[in-house]
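In: Structure for this input, please:
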Amino acid sequence: MQPVVVAGRVVSFWHEVEQATMASAGELGALLASLHRLVPPTAPELPVLEPFVRVREHLAAARAGLPSEDMAFLHTLHNALKAAYSDVEFSLPWGPIHGDPNRKNAVRGADGHAVLLDLERFSVGPREWDLVVPAVYHRLGWYSAAEYEQFTGTYGLDVREWSGFEVLASIRMFRMTAWLASRVPREPRLLEEARLRIDSLRHPELSRTWTPGA
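Out: The predicted structure follows:
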């Protein structure tokens, strides 16, 4: 039974995933489906999702590397998205969510068993928050049509059909941009990619040719 308290500190134990490789989109869908069927524990109590967590810190860090007009746009967009999120009507019940199910956070071990990694954003919130990530990856070309179909097939739902999808997709893409922009002052090579992403947020009709893992 864990976690346990040792010398006044809470300790938990984890299994090592040996020879880990990236899980498939279909495996990610199955993992999220299993996770989303869980009931929130009463103790310890899970935190509630904060969709804009650390965004202000990212923007503050980006200030030294981006033109002022880009920073002004990002701050304006931040405020607009916060207002839009408050008006979203979710269709799925709230419950345990991963919070950041990007493609690097689902791996398959040597035993063929797929697991979720990086539980930093694990919380209670709308299940749509998790489902939007693969949909955004498909929008950006990071998942092929076949891969995204595998994801929706194993999960059992395509979040793009939900009325609030565009708001959450915009928030996800904004977060991805703000995080990348925060790295520009110490990694100037990322300036071109950051400005490309900002331009595509400013002009949604433009092609979204973002570089994954930039």
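
In: mind saving the C-alpha coords of stretch 142-154 as CSV?
Out: Presented in CSV, the C-alpha positions along stretch 142-154 are these (Å, rounded to 0.1, in the frame of the first residue of the first chain):
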residue,chain,number,x,y,z
TRP,A,142,1.8,15.8,-36.3
TYR,A,143,-0.8,13.0,-36.4
SER,A,144,-1.8,11.6,-39.8
ALA,A,145,-5.5,11.2,-40.6
ALA,A,146,-5.1,7.4,-40.0
GLU,A,147,-3.4,8.0,-36.6
TYR,A,148,-6.1,10.3,-35.4
GLU,A,149,-8.7,7.8,-36.6
GLN,A,150,-6.9,5.2,-34.5
PHE,A,151,-7.1,7.5,-31.5
THR,A,152,-10.8,8.3,-31.8
GLY,A,153,-11.5,4.6,-32.5
THR,A,154,-10.0,3.4,-29.3
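
In: what about that stretch, distance to the chain center?
Out: 17 Å (CA atoms, centre = their mean, to the nearest Å).

In: Next, the buried residues of it.
Out: By 16 or more other CB atoms under 10 Å, the buried positions in stretch 142-154 come out as 142-143, 147-152, 154. C-betas here are computed from N, CA, C, even on glycine.

In: JSON lines please, covering those and showing distance to residue 23, pLDDT and secondary structure.
Out: Shown next, in JSON lines, are the buried residues of stretch 142-154 (distance: CB to CB, whole Å; pLDDT from 0 to 100; DSSP: H, G, I helix; E, B strand; the rest coil):
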{"residue": "142", "distance to residue 23": "14", "pLDDT": "94", "secondary structure": "coil"}
{"residue": "143", "distance to residue 23": "12", "pLDDT": "95", "secondary structure": "coil"}
{"residue": "147", "distance to residue 23": "11", "pLDDT": "97", "secondary structure": "helix"}
{"residue": "148", "distance to residue 23": "15", "pLDDT": "98", "secondary structure": "helix"}
{"residue": "149", "distance to residue 23": "16", "pLDDT": "98", "secondary structure": "helix"}
{"residue": "150", "distance to residue 23": "11", "pLDDT": "98", "secondary structure": "helix"}
{"residue": "151", "distance to residue 23": "11", "pLDDT": "98", "secondary structure": "helix"}
{"residue": "152", "distance to residue 23": "16", "pLDDT": "98", "secondary structure": "helix"}
{"residue": "154", "distance to residue 23": "11", "pLDDT": "98", "secondary structure": "helix"}
